[in-house]
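Participant: take this sequence and fold it.
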Amino acid sequence: MRILVTGASGFVGSLLIPELAARGHRVSAFGRDPERVRLALERTGGSGHIEVARGDSLTADGLTQALDGVEVAYYLIHSMERTGSGAQSFQERERLAAENFGAAAAAAGVRRIVFLGGLLPQPDAHDGAPHDTEASAPTSRHLASREHVERVLLDAVPDSLSLRASIVVGARSRSFRLLVHLVERMPVLTLPPWQRFRTQPIDARDVTAMLAACAAAPIGGRSLDIAGPDVLTYGEMLTSIAELMLVNRPALHLRVNLTGITARVAAAVAGEDPELVLPLMEGLQADLLPRDDHAAELLGVRLHPFESSVEHALAEWESFEALAAR
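Facilitator: Okay, here's the model as predicted:
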C-alpha cells in the first residue's frame, strides 16, 4: 500500500514510519524540512529507503505532488508552537492546514486519512447525559482545535479514521517529558486542583501499533478513543513516575487553580515554551477518559500497563540523554 506520513519529524511520525515499512507498505514522508525528517528517522531506525517530500500544509505547497498515488495519508501535524508576534493563532493555523490537506487528499483520490487527536472531556457519568461527541464539550482551545481538525478531515475523505489519545508515554513525548522534568526539578511536587482529574495514559508503542493497523482496518468513517489499561489521576501519575525514578518527592496540594501562573511556572521548570504548555494545561479541567475500551480489540493491539510503559520510556530516554534525578 502507498502511504504518506505528515509530521514525520515529530515523535509519533518518526516511530510510525519504520513500523509501516516493516509491515510491507511503501512509505513516504512529508515535511517542511527534509533534513530534519531524515534526522528524526535515523533515531528510530526508519531512514532507509524512505522518500521525503518537501512541503507545507499551511500554505498547501507540495501537497498535490506528495499525495499523487497515495492510498492512505497520516495527518500527524500540530501547530501549537510560537510563530512570532502578530502571527495566526494555533487554532487558525490548525484549521487552515487541515482544510488544505483534506482538500488536496480528496482531489488526489486518497482512500483514507488517519488522524491522531486528543481525548475529549465526557459529561459527568451521574448527570444522565449520553457519552457521545455531541454531548462532550471541549474545555480548552487545544482540545477544541483537535476536534475541529478531526471533523474537517473526516468530512473531506469519508472513510477516514481518527484516534483520540490522552498522554502518550514515550521518551520523546512532550507531555511525558514535561511530567518527568517536573519530577526531576521540583523538590516538592506542587499539585494544583487539577491533579485529582483522571485519564488513561497510553504507551507510545501501543499508539504506533494502533495507527499502523488503521491503514487497512475495515472500520472507516469514525473516531476511536484509545487509552491504556490504567485509570490514574494526574497526581498519581506524577507520584508513580517519581517512585519509578527512585526519587523522593513529597507532594503539596494547592486549593487554588491558577492555570495561567501554574503553566508558566511548569514551563520554566521544565524548560518548555509557555505558549505550548498553557493550552495543554487549560485542558486539565475534567476527567479525560475514553468513551469505551474497544479500540485495542478492534485494532488487534495488546496494551502495556502504565508502570511498564514508564520504565520502558525512561530506559530509552537514558540511552540518549541523562536523567538528572538518577
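Participant: going by C-alpha atoms from here, please, whenever you check contacts or count neighbours.
Facilitator: Will do.
Participant: which stretches of the protein form helices?
Facilitator: Ranges of helices within the chain are 11-22, 34-44, 63-67, 90-108, 141-156, 174-185, 204-213, 234-244, 259-270, 274-282, 295-299, 306-320, based on DSSP state H.
Participant: what pLDDT, on average, does the longest one get?
Facilitator: So that's helix 90-108. On average, the pLDDT along helix 90-108 is 94.
Participant: starting at the chain centroid, how far to it?
Facilitator: 18 Å (CA atoms, centre = their mean, to the nearest Å).
Participant: point out the other helices and strands that it packs with.
Facilitator: When contacts are defined as 3 or more CA pairs under 8 Å, 6 or more residues apart in numbering; DSSP states H and E, helix 90-108 packs onto helix 63-67, helix 141-156.
Participant: where does the stretch 51-200 of the chain have low pLDDT?
Facilitator: Scanning the stretch 51-200 of the chain for pLDDT under 70 picks out 79-87, 123-139.
Participant: can you pull the contacts of the closest residue to residue 91 other than its chain neighbours?
Facilitator: Spatial nearest neighbour of residue 91, chain neighbours left out: residue 145 (5.6 Å); criterion: CA to CA, 6 or more residues apart in numbering. Residue 145 makes contact with 91, 94, 95, according to CA atoms under 8 Å, 6 or more residues apart in numbering.
Participant: looks like the last one contacts residue 151 (just checking).
Facilitator: It stands for residue 95. No - the criterion here is CA atoms under 8 Å, and residue 95 misses it with residue 151 at 10.2 Å.
Participant: tell me which of the two has more neighbours.
Facilitator: Legend: neighbour count by other CA atoms under 10 Å for residue 95 and residue 151, higher for residue 95 (19 against 15).
Participant: gap between the more buried one and residue 75?
Facilitator: 13 Å (CA to CA, to the nearest Å).
Participant: nearest to residue 197, out of the helices of the chain?
Facilitator: Of all the helices of the chain, it is helix 234-244 that lies closest to residue 197, at 6.3 Å by CA to CA.
Participant: how about residues contacting the closest one?
Facilitator: Against helix 234-244 from outside (CA under 8 Å, 6+ apart): 179-180, 183, 191, 194-199, 248-249, 307, 310-311.
Participant: just the CA atoms of that helix, as CSV, please.
Facilitator: The C-alpha trace of helix 234-244 is given here as CSV (Å, rounded to 0.1, in the frame of the first residue of the first chain):
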residue,chain,number,x,y,z
TYR,A,234,-2.5,13.3,37.2
GLY,A,235,-1.3,13.4,40.8
GLU,A,236,-1.0,9.6,40.8
MET,A,237,0.9,9.7,37.5
LEU,A,238,3.5,12.2,38.9
THR,A,239,3.9,10.1,42.1
SER,A,240,4.3,6.9,40.2
ILE,A,241,6.9,8.5,37.9
ALA,A,242,8.8,9.7,40.9
GLU,A,243,8.8,6.2,42.5
LEU,A,244,10.0,4.6,39.3
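Participant: got the buried residues for it?
Facilitator: 234, 235, 237, 238, 239, 240, 241, 242 (16 or more other CA atoms under 10 Å).
Participant: please apply the same query to stretch 205-218.
Facilitator: Going by 16+ other CA under 10 Å, stretch 205-218 has these buried residues: 205, 206, 207, 208, 209, 210, 211, 212, 213, 214, 215.
Participant: just the closest of these to residue 11, please.
Facilitator: Once CA to CA is applied, the member of these that ends up nearest residue 11 is residue 208, at 10.3 Å.
Participant: surely the closest one meets residue 15?
Facilitator: Yes - here residue 208 reaches residue 15: they are 6.7 Å apart, a contact under CA under 8 Å.
Participant: could you check how far the closest residue to residue 51 other than its chain neighbours is from residue 74?
Facilitator: For residue 51, ignoring the flanking residues on the chain, the nearest one in space by CA to CA, 6+ apart is residue 28 at 4.8 Å. From residue 28 across to residue 74, the span is 10 Å (CA to CA).
Participant: the two: which is more packed in?
Facilitator: The neighbour count for residue 28 versus residue 74, taken as other CA under 10 Å, is higher for residue 74 (27 against 22).
Participant: for residue 245, grab phi and psi.
Facilitator: phi -90, psi 0 (degrees, to the nearest 10).
Participant: that one and residue 179: what is the separation?
Facilitator: Applying CA to CA to residue 245 and residue 179 gives a distance of 12 Å.
Participant: now the helices and strands packed on helix 90-108 as JSON lines including distance to residue 298?
Facilitator: Conversion of the helices and strands packed on helix 90-108 to JSON lines gives the following (distance: least, CA to CA, whole Å):
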{"stretch": "helix 63-67", "distance to residue 298": "28"}
{"stretch": "helix 141-156", "distance to residue 298": "19"}
